[in-house]
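Student: Need a 3D model of the sequence below.
(one chain, ligands or ions: 2)
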Amino acid sequence: MNNYELWQSTLAQIELSISKANFSTWFQNTEITSRDNERVIISVPNAFSKEWLSNKYYKVILKIIRDADPLVRELEFTIKPQSKAAPTRDIPEAEKVSIEQQLKFEELKVNKETNLNPRYTFENFIVGSFNELSYAAGLAVSENPGHVYNPLFIYGGVGLGKTHLMQAIGNKIVEQNKKSKVRYITSEKLISGIITAIRSNTMDAFKASLAPIDVLIIDDVQFIAGKIKTQEEFFHVFNSLYEKNKQIILSSDKPPNAIPELEERLRSRFEGGMISDVSLPDYETRLVILKSKLQEKNIKLPDDILEYIASNVKKNIRELEGALNSLLIYYKINNTVPNIETAKKLLKGFVFSPFDVANYKKIIETVAKFYNLEEKHLFNETRRKEIVKPRQVAMFLLRKELKYSFPAIARKFGGKDHTTVIYAYKKILQESEQNHKLIEELNLIKQRVYSG
Ligand code: ADP
Ligand code: MG
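Tutor: Numbers count the residues shown, from 1 in each chain. Ligands and ions are numbered 1, 2, ... in the order given. Below you'll find the model as predicted:
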């Protein structure tokens, strides 16, 4: 993404979470003027905006930008008096907000107690065959927390609705029972909480703070892989809630048995309830998602554009939303719907051709990452089990997905005898017909390879 696209997609997401008036007040005439890897410089029209944005929106903006580019670590706001460079928008008088109103405004409306964002609900969650099991399980849990599936473990690739679904469950539970104590915690927060508690010798207080919770939601739990101390403490937190029939909901990018370096006892806890996945929506469902998002915003786009997005933006639902939002921003700035040609240009950053996606490098990179190895390890002359299998999987996928010849694969792997490659291929092929864990792993790896 270039600076312009990055900022447009950031604006698109901010716009979802704040009022229209606030959005126009604080974000008009802003742009990313430059970026090195770690720092993004955002120009704003005056000192007031600068102060407001850096106090109130710093974290939100940084988070959204980091989702797109994790290398970014800080933001800097600079004042750039109005010039023709930045596209200006005229804001109707009615949309301007008074200072009092602005001061009342709460950042992103995230509930301080629960950490839940009210915009994630079941009502705006589209269900299709790609996520219906998780949806059904989530709904059941929300109706009877602690008593149906405990824990509920939802896994799948990024941008496929895990956070949305878990938060929808939380929101529904609170809506039905105001007294219910729901807490949503990202696993980064959980890890840092535990580490701080260990360092400052306040583990008891930390655990006590979680004890009254009725529903604990931990997002992206795969990040506790390899964190021994965190796992140990979390195991106790988990048990004490579980024993009291408190609901635990977890998400991860892979199923428990594929999370590397996860303590056995924790893995078996994670597997003790319901495990369900979210996968990629098909074309029809992508179209439904687009239409429902448009309806929420009360805006129409012509069918040819929607079909173009649905057939070309396949990576995940977040990208689908991003694509839509960049068209909506165009619409707002220019006050007219883009035609298909313009739309195609605006959507360039979201569209991948299959040939860009699945290639040698991508397969090696994805396999290594999936098994928590460095790429070079795949090429090691070792018989260590934790490397042999990923290497065989890589060989298998090169053959199966890219139709590489066996000798070509052998050459890539340091001139091995091509019968070794044939052996690897057959072994994985055979195993993938019976071994569920392997089937799942191959599916997840393929999903990632093809999602760009
Ligand atoms: P994940 O946590 O799996 O990375 P998110 O829950 O953050 O994904 O979803 C990414 C974006 O896509 C969010 O804005 C979310 O609202 C939207 N989204 C995901 N799944 C659905 C769905 N089934 N229906 C409607 N919107 C969805
Ligand atoms: Mg998420």
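Student: do you know how far whichever residue of the stretch 151-300 of the chain sits closest to ligand 1 is from R183?
Tutor: When scored by Cβ to the nearest ligand atom, the stretch 151-300 of the chain has G161 as its residue closest to ligand 1, at 2.5 Å. Using the backbone N, CA and C atoms, a C-beta is placed for each residue, glycine as well. G161 is 20 Å from R183, where distance means Cβ to Cβ, to the nearest Å.
Student: Settle it for me: which of these two has more neighbours?
Tutor: A direct count of neighbours by other Cβ atoms under 10 Å for G161 and R183 places G161 higher, at 25 against 18.
Student: Hmm, S279 and the more buried one touching each other?
Tutor: No - using Cβ atoms under 8 Å, G161 is not in contact with S279; the gap is 10.2 Å.
Student: shared neighbours, those two?
Tutor: Contact criterion Cβ atoms under 8 Å, 6 or more residues apart in numbering; residues shared by G161 and S279: N131.
Student: what mean pLDDT does stretch 281-301 have?
Tutor: Averaging pLDDT along stretch 281-301 gives 90.
Student: got the buried residues for it?
Tutor: P281, T285, R286, L287, V288, I289, L290, K291, K293, L294, L301 (16 or more other Cβ atoms under 10 Å).
Student: for stretch 180-199, same thing?
Tutor: Of the residues in stretch 180-199, those buried (16+ other Cβ under 10 Å) are 180-187, 190-191, 193-194, 197.
Student: can you check stretch 23-32 too?
Tutor: F23, S24, T25, W26, F27, Q28, N29, T30, E31, I32.
Student: For stretch 226-244, buried residues please.
Tutor: Going by 16+ other Cβ under 10 Å, stretch 226-244 has these buried residues: K227, T230, Q231, E233, F234, V237, F238, L241, Y242.
Student: now swap in stretch 196-216 and tell me
Tutor: For stretch 196-216, by 16+ other Cβ under 10 Å, it's A197, F206, L210, I213, D214, V215, L216.
Student: Enumerate every residue touching the first one.
Tutor: It refers to A197. Applying Cβ under 8 Å, 6+ apart, the residues near A197 are M203, A205, F206, E233.
Student: same deal with the third one?
Tutor: When contacts are counted by Cβ under 8 Å, 6+ apart, L210 touches R183, L216, V237, L241.
Student: Recalculate using a threshold of 6 Å.
Tutor: Contacts were defined as Cβ atoms under 6 Å, 6 or more residues apart in numbering; by that measure L210 touches V237.
Student: The stretch 251-400 of the chain against ligand 2: which residues are in contact?
Tutor: Taking Cβ under 5 Å from the ion, no part of the stretch 251-400 of the chain reaches ligand 2.
Student: Taking the stretch 251-400 of the chain, what residue is nearest to ligand 2?
Tutor: Among all residues of the stretch 251-400 of the chain, S251 sits closest to ligand 2, at 6.4 Å; criterion: Cβ to the ion.
Student: State the pLDDT value of that residue.
Tutor: So S251 comes in at 98 (pLDDT).
Student: Shouldn't it be within a helix?
Tutor: No - counting by DSSP: H, G, I helix; E, B strand; the rest coil, S251 is not part of a helix but strand.
Student: Now render the buried residues of stretch 281-301 as CSV, adding secondary structure.
Tutor: Formatted as CSV, the buried residues of stretch 281-301 follow (three-state DSSP):
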residue, secondary structure
P281, coil
T285, helix
R286, helix
L287, helix
V288, helix
I289, helix
L290, helix
K291, helix
K293, helix
L294, helix
L301, coil
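Student: Would you confirm that A424 contacts V393?
Tutor: No - checked against Cβ atoms under 6 Å, the pair A424 and V393 is beyond contact range at 8.4 Å.
Student: L287 contacts A310, correct?
Tutor: Yes - between L287 and A310 there is a contact under Cβ under 6 Å: 4.3 Å.
Student: quick one: terminal-to-terminal distance for stretch 171-187?
Tutor: One end of stretch 171-187 to the other measures 19 Å (Cα to Cα, to the nearest Å).
Student: quick one: that stretch to chain centroid distance?
Tutor: Chain-centre distance of stretch 171-187: 21 Å, with Cα atoms, centre = their mean, to the nearest Å.
Student: what does stretch 296-313 give?
Tutor: Per Cα atoms, centre = their mean, the centroid offset for stretch 296-313 relative to its chain is 22 Å.
Student: On the pLDDT front, check the residue of the stretch 151-300 of the chain closest to ligand 1 for me.
Tutor: 96.
Student: what's around the closest residue to it other than its chain neighbours, how many residues?
Tutor: Nearest residue to G161 in three dimensions, chain neighbours excluded: V278, at 5.4 Å (Cβ to Cβ, 6 or more residues apart in numbering). Close neighbours of V278, defined as other Cβ under 10 Å, add up to 24.
Student: Which residue does the stretch 1-150 of the chain have closest to ligand 1?
Tutor: Closest point on the stretch 1-150 of the chain to ligand 1, by Cβ to the nearest ligand atom, is I126, at 3.6 Å.
Student: all strands in the stretch 1-150 of the chain, in order from the N-terminus.
Tutor: Along the stretch 1-150 of the chain, counting by DSSP state E, counting those that start in this stretch, strands occupy 31-35, 39-44, 74-79.
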